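1. Turn this into a model:
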Amino acid sequence: MQANNTIVFATPNPTNQTANSSRQPMTASIIESFPGQEFWLEFSELWHNSLHKPVFKSPHYIQYLADRYKDNLAILKFSKNGELKGMVFFRKENNMLRLLTDVKADHNFFVLHKSCTPQEVDEFFRCFLAAVKERQWTVQMRVLPLWASYSPAFVRAANTSGLFWNVSSRSVCPILEEESPKALFDKLNSSRELRYRVNRIKSQLGGEYEILTDAHDLDEWVRKFCALHIKRWKGTRSPSRYEDASEQLFLKNCLMAWIQDQTLVRFAVKVNGERIAFVICLIQQNSLVHHSTAYDDDYYKYSPGKALILVIAEWMKNHNLNILDFGEGAEPYKYAYTNKERELNEISLSPFSNISFILRVKIKQILREQVSAHPEIKQFFVEKMKPLLRPKKQVKSQD
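-> Numbers count the residues shown, from 1 in each chain. Next comes the predicted model:
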């Protein structure tokens, strides 16, 4: 049974409305229970026709997460003149709304129909913020890509929303972008080191490179991926989240959902029939997201992870992708192969009456800025404080 409420959007500043317009305003339907199949078919059509076609909002993946957190859902469905224009998925956590995909996403795009006019994009965000204000929600959204085409409209709407809102730098997303898939491959293939790594694994280990886009051997692939991840991080300040069997099942279910959405590519190095290195990649429009890795420390000197970067580039060339997105995080190895860095932001929203939340947001922002500006503070925080503050299974830096 769906619990639905409809909020009719009324433009706070009707400058984008034509004088003779009789068209209906944008409306937001709020769904607070797990929707039926008709809803998911509707969302699938929206996603396939969305502005950025974000892989971390792909239909089977978002449906899996919605089912996983079905007791804490809040879904906003935006329509105008009977046409679906966008959706936003939240999960409720400790009197706060967070994006549903926060649990596993390198970046969180909004899902907006690509047919939206600039005026409708403005309306979408005003309607979204009107719904937040009407419900007196406190919202925190992480790793938002403010390079998305709709971002200026979001900022305009936030400035006139009557809500407290704050945007702060959360992380970065290093990428390699070239004018064509061939140019990207040629760039990486020009690296003598990468070519050496690829050939050394073949010549000295008799290794082979495996590329899978379907569910072939998925159980064993996930089992070995998790085993090597656990081995790599055992005894460190950040033990692997995959020591928890439920996290292993979660990973497998996410991969299965992406397989159903035809967005997953699994890369591996095999030696004597055993996989010794893994990369989970995801297709998003003309980019490939280098999402998560694991490798066997026993083969460290062969750098199988580096070898796979060149294998990935060749696959991208053959599949017409010209952006290699290394995902969230500023791990040093990424910068040897990238030529751009995109900022990922955290956006917080609340009524001005929520003083304690506003103070926490401001204090957290000041601390982040200080940590970022002073390397010695950052080192102390990463090495001493972060392991104490985070539950084991929330560690992100291992991917």
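
2. switch to C-alpha atoms for all contacts and neighbour counts from now on
-> Fine.

3. how about the helices in the stretch 1-150 of the chain?
-> Assigned by DSSP state H, counting those that start in this stretch, the helices in the stretch 1-150 of the chain fall at 37-48, 59-68, 118-135.

4. Which residues belonging to the last one are considered buried?
-> Neighbour counts using 16 or more other CA atoms under 10 Å place 120-133 of helix 118-135 among the buried residues.

5. which residues touch it?
-> When contacts are defined by CA atoms under 8 Å, 6 or more residues apart in numbering, helix 118-135 is touched by residues 7, 9-11, 16, 26-28, 76, 78, 85-86, 112, 138, 150, 153-154, 156-158, 161-163, 350-351.

6. Out of those, list just those in strands.
-> With strands taken from DSSP state E, the overlap with these comprises 7, 27-28, 76, 78, 85-86, 112, 350.

7. wait, which of these is closest to R192?
-> Taking CA to CA as the measure, R192 sits nearest to L112 out of the ones in strands among the contacts of helix 118-135, at 42.7 Å.

8. give me the number of residues near S246?
-> The burial count assigned to S246 is 11, neighbours taken as other CA atoms under 10 Å.

9. what angle separates the helix or strand that contains it from helix 59-68?
-> If you go by DSSP states H and E, S246 is part of helix 245-260. Angle, helix 245-260 to helix 59-68, by axes from the mean of the first three to the mean of the last three CA atoms, to 10 degrees: 150 degrees.

10. can you put the buried residues of helix 118-135 in a markdown table and add pLDDT and distance to P174?
-> Converted to a markdown table, the buried residues of helix 118-135 look like this (pLDDT from 0 to 100; distance: CA to CA, whole Å):
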| residue | pLDDT | distance to P174 |
| --- | --- | --- |
| E120 | 96 | 31 |
| V121 | 97 | 28 |
| D122 | 96 | 29 |
| E123 | 95 | 32 |
| F124 | 97 | 29 |
| F125 | 97 | 28 |
| R126 | 96 | 31 |
| C127 | 95 | 32 |
| F128 | 96 | 30 |
| L129 | 96 | 30 |
| A130 | 94 | 34 |
| A131 | 94 | 34 |
| V132 | 96 | 32 |
| K133 | 95 | 35 |
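
11. And those residues, which is closest to L188?
-> Proximity to L188 was ranked across those by CA to CA; first place goes to V121, at 37.9 Å.

12. What distance do you get for the closest one to V88?
-> Between V121 and V88 the distance is 14 Å, computed by CA to CA, to the nearest Å.

13. Also S287?
-> Following CA to CA, the distance that separates S287 from V88 is 23 Å.

14. try H113
-> Here H113 is placed at a distance of 12 Å from V88 (CA to CA).

15. For those two, indicate the residue with more neighbours.
-> Just comparing H113 and V88: by other CA under 10 Å the higher neighbour count belongs to H113, 23 against 18.

16. so the more buried one touches N49, yeah?
-> Yes - the criterion here is CA atoms under 8 Å, and H113 meets it with N49 at 5.8 Å.

17. can you give me how far the helix or strand hosting K364 is from the chain middle?
-> In this assignment (DSSP H and E), K364 forms part of helix 355-373. Between the mean C-alpha location of helix 355-373 and the chain-wide mean there is a distance of 23 Å, by CA atoms, centre = their mean, to the nearest Å.
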